[in-house]
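Colleague: Need a 3D model of the following:
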Amino acid sequence: MNARRPSRLLALTVLLLMSATWLHAADQPASAPAAEKLRESMLLPGVSLAEGVSEITGVAISPLLGVSAMGAWTYYKTEPALRHRLPWYCHPGVWGTGLSLILVCFLKDFLGAAAPALVKKPLDFAELFENKISALVASVGFVPLVALAMAQIDKLQPQAVVPSTGGHLAVVPVASIIDFGVHTPWLSIPVAIVAFGVVWLSSHAINVLIALSPFGIVDAGLKLAKLGLITLVAGSTMIHPYAGALVSLVLIVIALLLAGWSFRLTLFGTLMGADFLLNKRASEDDLKDGVKGFLARRVDGVPVRTLVKLKHDAAGLPTIGFHPWLMLPERHITLPPADMVVYKGLLHPTVAHRAPDGNSGAQHSLILLPRYRRLEETIARSYGCQEVMDSTLLRGLKAMRQWLVNMLSTGRNLIEARGSASE
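Modeller: Model (predicted):
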């Protein structure tokens with residue numbers, strides 16, 4: 001019951017948000033006629049720029065929902081005679097398909113709240129890759145169009161930005177710089193794509209956490225948090241474009257600060273999800289090139305979840321190699337002087353280190369990819385690990401299975417054994 005309540009609240013919030021969007025779109029022609037909108041754009045230069053920033057930020061949080069909602073809103077707001085001139089995402093077939101996929105995702109979350117994790121998690125990983133594809137399409141086919149629209153519409157007029165009294169000498173250069181940056185496509189489009197990318201990375205990290213979380217209540221809470229961000233951007237933009245732009249800029253700055261963490265978590269979820277969905281299996285020959293995984297804890301200043309490769313150095317000793325940001329020259333980390341052990345996991349193996357004194361417990365060092373399942377013994381022999389053990393979760397599942405076998409056993413073998421002994 002507790003897992004269903006957040007899902008129902010999520011569905012209700014989405015319905016209210018969509019209803020408010022349609023009502024706002026329906027009332028737009030009556031409340032803001034063309035003459036008044038023209039007058040507002042003359043008195044408040046930068047309104048179109050502010051709306052563009054909000055659109056890019058909102059779509060980055062949820063590309064499929066953002067592009068579909070913008071397409072449907074623009075389609076119904078445009079005169080029927082002019083709809084054939086709208087961009088591709090305003091076609092009913094495009095936004096209709098997008099909204100249908102969103103409905104399927106909501107039904108998955110609502111009905112899957114009571115489903116076991118082994119049934120729902122593959123669908124969460126599939127949604128993870130859908131989010132990547134939607135972001136790629138939006139970054140190529142939506143963000144550049146918004147940047148070009150801002151460059152064509154939002155022309156700053158000198159009489160709008162220069163006051164009639166003193167101080168205009170300081171205002172004109174600033175306005176000229178902003179005007180040049182916004183209306184130069186080779187500058188505005190890359191900046192818009194970068195802003196879209198960093199916000200999407202942080203938002204996509206939430207999707208990764210949803211896919212990795214084993215608890216339905218946590219999934220629902222994370223989805224509500226993501227929907228709350230979309231509502232915050234859309235609601236502030238409806239109040240005033242400047243308010244929406246301010247909120248969007250704050251989110252962009254926060255996303256920039258979290259870019260490294262979000263990138264590592266996104267890469268972690270992508271590789272783990274690909275191995276899980278495609279059921280990849282590594283062979284013993286693949287181990288000759290090293291064992292890929294992620295750091296389970298910070299080592300020598302290298303952050304957690306950095307993609308690394310466990311391999312042998314020139315002296316034949318185990319070491320860890322990695323490429324910062326996947327492109328920079330390879331660096332190496334010397335493993336701590338402790339005994340290595342390999343844990344068999346339910347989803348993936350793990351490499352841990354024991355302290356030389358043996359008093360403290362083993363600390364997890366590497367999270368190996370799921371493709372290395374069933375190769376734990378080979379990995380342990382190759383890298384001199386002391387022992388291969390079951391993880392805590394796997395031991396618990398095995399104990400539960402043994403308990404069920406004992407409870408459901410008919411005792412036939414014991415009775416037959418007693419009968420044979422009496423004869």
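
Colleague: what about V250, how many neighbours?
Modeller: 12 (other CB atoms under 10 Å). To be clear about C-beta, it is placed using only N, CA and C from the backbone, and glycine gets the same treatment.

Colleague: check which helix or strand covers it.
Modeller: helix 241-257 (DSSP states H and E).

Colleague: go on, I333?
Modeller: strand 331-334.

Colleague: neighbouring contacts of that strand?
Modeller: Contacts with strand 331-334, where a contact means CB atoms under 8 Å, 6 or more residues apart in numbering, come from 299-300, 302, 308, 313, 319-324.

Colleague: next one: stretch 49-57
Modeller: 66, 70, 143, 146-147, 149-150, 154, 182, 192, 195-196, 199, 233-234, 236-237, 241-242, 244-245, 247-249, 251-252.

Colleague: Not counting its own residues, what contacts the helix or strand just after the strand holding I333?
Modeller: Elements were assigned by DSSP H and E; along the chain past strand 331-334, the next helix or strand is strand 339-344. The contact list for strand 339-344, computed with CB under 8 Å, 6+ apart, reads 318, 349-354, 356, 362, 364-365, 373, 376, 379-380, 383-391, 394.

Colleague: List the buried residues in strand 339-344.
Modeller: Of all the residues in strand 339-344, those buried under the rule 16 or more other CB atoms under 10 Å are 340-344.

Colleague: out of the residues you listed, who's nearest N279?
Modeller: K344 (17.4 Å; CB to CB).

Colleague: what residues are up against the closest residue to L310 other than its chain neighbours?
Modeller: Nearest non-adjacent residue to L310, counting by CB to CB, 6 or more residues apart in numbering: V291, 4.3 Å away. When contacts are counted by CB under 8 Å, 6+ apart, V291 touches 309-311, 368, 372, 379, 383.

Colleague: Around S54, count how many other residues there are.
Modeller: 24.

Colleague: shaky segments in this structure?
Modeller: 1-47, 112-118, 152-183, 336-338, 355-361, 392-395, 397-398, 409-423 (pLDDT under 70).

Colleague: Show me how it divides into domains.
Modeller: Structural domains annotated on the chain: 4-273, 284-390, as defined by automatic domain parsing.

Colleague: export those to TSV and tack on distance to W403?
Modeller: Shown next, in TSV, are the domains of the chain (distance: least, CB to CB, whole Å):
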stretch	distance to W403
domain 4-273	19
domain 284-390	16
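
Colleague: Which of the helices or strands spans T97?
Modeller: helix 92-111.

Colleague: what's the answer for R381, then?
Modeller: Using DSSP H and E, R381 falls in helix 376-382.

Colleague: buried sites along that helix?
Modeller: Applying 16+ other CB under 10 Å to helix 376-382 flags 376, 378-380, 382 as buried.
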